[in-house]
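Here is my input; please provide its structure:
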Amino acid sequence: MKILFVAPRFPDPLIQGDRLRARQFLRVLRRWHEITLVTPATSEPPDAATIADMCDRWVPVHEPRWQALWRVASHSIGTLPLQTVLFSSPALIRTVRDLAHHQPFDLLYLHTARVAPVVDAVSALPRAIDFIDALSLNMYRRARCQGSITHWLFDIEARRMSEYEQYLSEICDVQFVSANRDRAFLGPNARVVNSGVDVAQFPYVEQGRLNDLIVLTGRMGYFPNADAAVSFASNVLPLVRREVPAARLQIVGADPPQRVRALARLPGVEVTGYVPRIQDYLQRATIAVAPLRSGSGFQTKVAEAMASGAPVVATPRILDSLDVRHDEHVLLAHNDAEMAAQIVRLLRDAALRRRLARAARTLVEQQYTWERSAAAINAHLVAVVEQGKKVS
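Coordinates of the predicted model:
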C-alpha cells in the first residue's frame, strides 16, 4: 500500500512516547508498504539513515514558532483543542492536501488527534487514526492535580478534546489506542494496540546491579512524570530511608522542570536530565518505581524496566495498560506508606527481586514487543483498505 502518514513531530529523538510509537510502527510497516511521512520541520535535519529507517519520503513542513503560538492565542475562544490548533498549521493542511491530490495514496494515517484537521483536506482516502491515548482523559486527570485557575483551563481543554475525539471516532474508518482504559473512555470502536519494547535494545540483566538504588524514569517535561517524581521524592523516599538509610533515588529523563531539578537538594536524590541510553540506568538499578498519580495510555517506561530485569513497584495506574499481577510480575501500592513498605520489602529480598524480574521479562516477550503490535496495526490497515476497494 501507499500510506500518507501525518505526525505532529518528527519521530526522533525518542524522548516522547508518541515519537517512539511512530518510529517503531513506521520501522515495521515500511517492510510491507511505501510510506510518505509528513511532519513539522525539525530544528536540525535528520540524517538520511534515520529517514530511510522509517519511510520512503519525508516531507517537512516549515512554520515559525511564533506563528504557532499566535494561532493558539487567537483561538483561545474557539472550539478545537488548543494542542490540536498548535500542531495543525495551515501549511501542514495544505501540504497534505497537495500530496493527496497529486499522488495515488491508499490510506491516510493520522498519528494522534493533534494533526487530525488534515482530514478535511483529504476526503477520498480511507482514514486511520492512532489516538495513542485518550488525551481528554489525560487532561481530566491533570486538572485534578492543578490549582484553581489552571484546573479550570485544563478542564476546558479536556472537554474540547473529548468532543473532538468523539467526532474523529465517527469520521475515521479505524481508530487505535494503546490501553484498555483509554478505549473505555473513547468508545467501543477503538482497537487496542499496545505500545511495546524493543527487547533487543533492552536486554535482561540480573548480575552487576548496584545496591539500594531506586530509579524513576520518563520524560520529566511531561506533567504526570514530573508530578510522580516530586511526590515520590518528597513523600515516599524519606519513609524508605528510615528503614534503608543507604537507599537513593535516580530521576532519569529529559527536560526536567525546575521543581524536579530542585529535588537534587534532597538527601539521596540525583536528577540526571536527558541521558542517551536509558537502558544503562535500568540495568544498574536495584529496582524501578512508577508512582504515577495521573496520565493515560501505555506505560512504556514500566515495560522497559520489566524487559531490563529491574523489578517494579508501581501504583495501580499501570493496570490501565499492562496485564500484570501483583506479586507475580510487579508489586503494587495504593498510597505512599504502602509504596514505601513494598520498596523496603523488595530492597531486602533478592530472591523476590529475581522472581518478579524473570516473570516480568517473560510477559514482555510474550505480549509487549513492537513487532507484535505493528503486525496488529498492519492487519487492521490492510482490512480497511480492502473493504474500501470492495465498497467502491
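
if I look at the nearest residue to Ile377 once chain neighbours are set aside, how far off is Phe25?
Closest residue to Ile377 apart from its sequence neighbours, by C-beta to C-beta, 6 or more residues apart in numbering: Val193 at 5.4 Å. C-betas here are computed from N, CA, C, even on glycine. Distance from Val193 to Phe25, counting by C-beta to C-beta, to the nearest Å: 9 Å.

and the two? which has more neighbours close in?
Ranked by neighbour count (other C-beta atoms under 10 Å), Val193 and Phe25 place Phe25 first, with 26 against 23.

how close does that one get to Arg372?
Counting by C-beta to C-beta - Phe25 and Arg372 are separated by 12 Å.

domain parsing for the chain?
With domains defined by automatic domain parsing, the chain comprises 2-196+370-391, 213-367.

and the closest residue to Leu266 other than its chain neighbours, how many neighbours?
The shortest distance from Leu266 to any non-neighbouring residue, by C-beta to C-beta, 6+ apart, is to Ala233 (5.7 Å). Using other C-beta under 10 Å, the number of residues around Ala233 comes to 24.

Tell me if Tyr14 really is in a helix.
One correction, residue 14 is Leu, not Tyr. No. Counting by DSSP: H, G, I helix; E, B strand; the rest coil, Leu14 falls outside a helix, being coil.

and the end-to-end length of stretch 362-373?
16 Å (C-alpha to C-alpha, to the nearest Å).

Give me the contacts around that stretch.
24-25, 27-28, 193-199, 303, 306-307, 322-324, 329 (C-beta atoms under 8 Å, 6 or more residues apart in numbering).

May I see the buried residues of that stretch?
363-364, 368-370, 373 (16 or more other C-beta atoms under 10 Å).

right, and the pair among those residues with maximum separation?
Greatest spacing in the buried residues of stretch 362-373, by C-beta to C-beta: Leu363 and Trp370 (15.3 Å).

Does Thr272 touch Val252 like I think?
Yes. Taking C-beta atoms under 8 Å as the definition, Thr272 is a contact partner of Val252 at 4.9 Å.

Which element, helix or strand, includes Ser296?
Under DSSP states H and E, no helix or strand contains Ser296.

Which residues are in contact with it?
Counting by C-beta under 8 Å, 6+ apart, Ser296 has contacts 133-135, 137-138, 141, 179, 181-182, 185, 320.

now do His75
82, 85.

what about 6 Å?
Residues in contact with His75, defined by C-beta atoms under 6 Å, 6 or more residues apart in numbering, are Val85.

I'd like to know how far it sits from Ala305.
39 Å.

Just give the number of residues close to the nearest residue to Arg23 once chain neighbours are set aside.
Nearest non-adjacent residue to Arg23, counting by C-beta to C-beta, 6+ apart: Pro11, 3.8 Å away. Pro11: 27 surrounding residues under other C-beta under 10 Å.

How much space separates Pro11 from Val122?
Pro11 is 21 Å from Val122, by C-beta to C-beta.

what about stretch 274-289, how long is it end to end?
Start-to-end, stretch 274-289 (C-alpha to C-alpha) is 18 Å.

in that stretch, what counts as buried?
Neighbour count says stretch 274-289 has 278-279, 281-289 buried, by 16+ other C-beta under 10 Å.

could I get the residues you listed as CSV with secondary structure?
As requested, those are arranged in CSV below (three-state DSSP):
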residue, secondary structure
Ile278, helix
Gln279, helix
Tyr281, helix
Leu282, helix
Gln283, helix
Arg284, helix
Ala285, coil
Thr286, coil
Ile287, strand
Ala288, strand
Val289, strand
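
low-scoring stretches of the stretch 101-250 of the chain, by residue?
145-149 (pLDDT under 70).

Please enumerate the helices of it.
Counting by DSSP state H, counting those that start in this stretch, the segments of the stretch 101-250 of the chain that form helices are 135-144, 148-171, 180-186, 223-231, 237-243.

from the chain's centre, how far out does the last one sit?
Right, helix 237-243. 30 Å (C-alpha atoms, centre = their mean, to the nearest Å).

Remind me what it packs against, helices and strands.
The contact analysis (3 or more C-beta pairs under 6 Å, 6 or more residues apart in numbering; DSSP states H and E) places helix 237-243 against helix 336-347.

Run the angle between the helix it packs on and helix 223-231 for me.
80 degrees (axes from the mean of the first three to the mean of the last three C-alpha atoms, to 10 degrees).

buried residues in helix 336-347?
In helix 336-347, counting by 16+ other C-beta under 10 Å, buried: 336, 339-344, 346-347.

Need the contact partners of that helix.
212, 235-236, 239-240, 243-244, 287, 311, 313, 331, 333, 353.

quick check, nearest of those to Pro45?
Nearest to Pro45 out of the contacts of helix 336-347 is Ile287 (C-beta to C-beta; 40.1 Å).

now that closest one, which residues is it bridged with?
Assessed by DSSP bridges, Ile287 has beta-bridge partners Ile214.

Is it in contact with Pro311, as I believe?
Yes. At 5.1 Å, Ile287 and Pro311 qualify as touching, with contact defined as C-beta atoms under 6 Å.

what's near enough to touch Cys55?
35, 37.

quick one, phi/psi of it?
phi -160, psi 170 (degrees, to the nearest 10).

Now do it against Phe10, distance only.
From Cys55 to Phe10 the distance is 10 Å (C-beta to C-beta).

What residues does the closest residue to Val330 other than its chain neighbours make contact with?
Distances taken as C-beta to C-beta, 6+ apart place Val312 nearest to Val330, at 4.4 Å, with adjacent residues excluded. Residues in contact with Val312 (C-beta under 6 Å, 6+ apart) are 288, 302, 305, 330.

Wait, a helix at Ala264?
Yes. Counting by three-state DSSP, Ala264 falls inside a helix.

Spatially, what comes nearest to it if we skip its sequence neighbours?
Val271 is the one closest to Ala264 (C-beta to C-beta, 6+ apart), at 4.5 Å.
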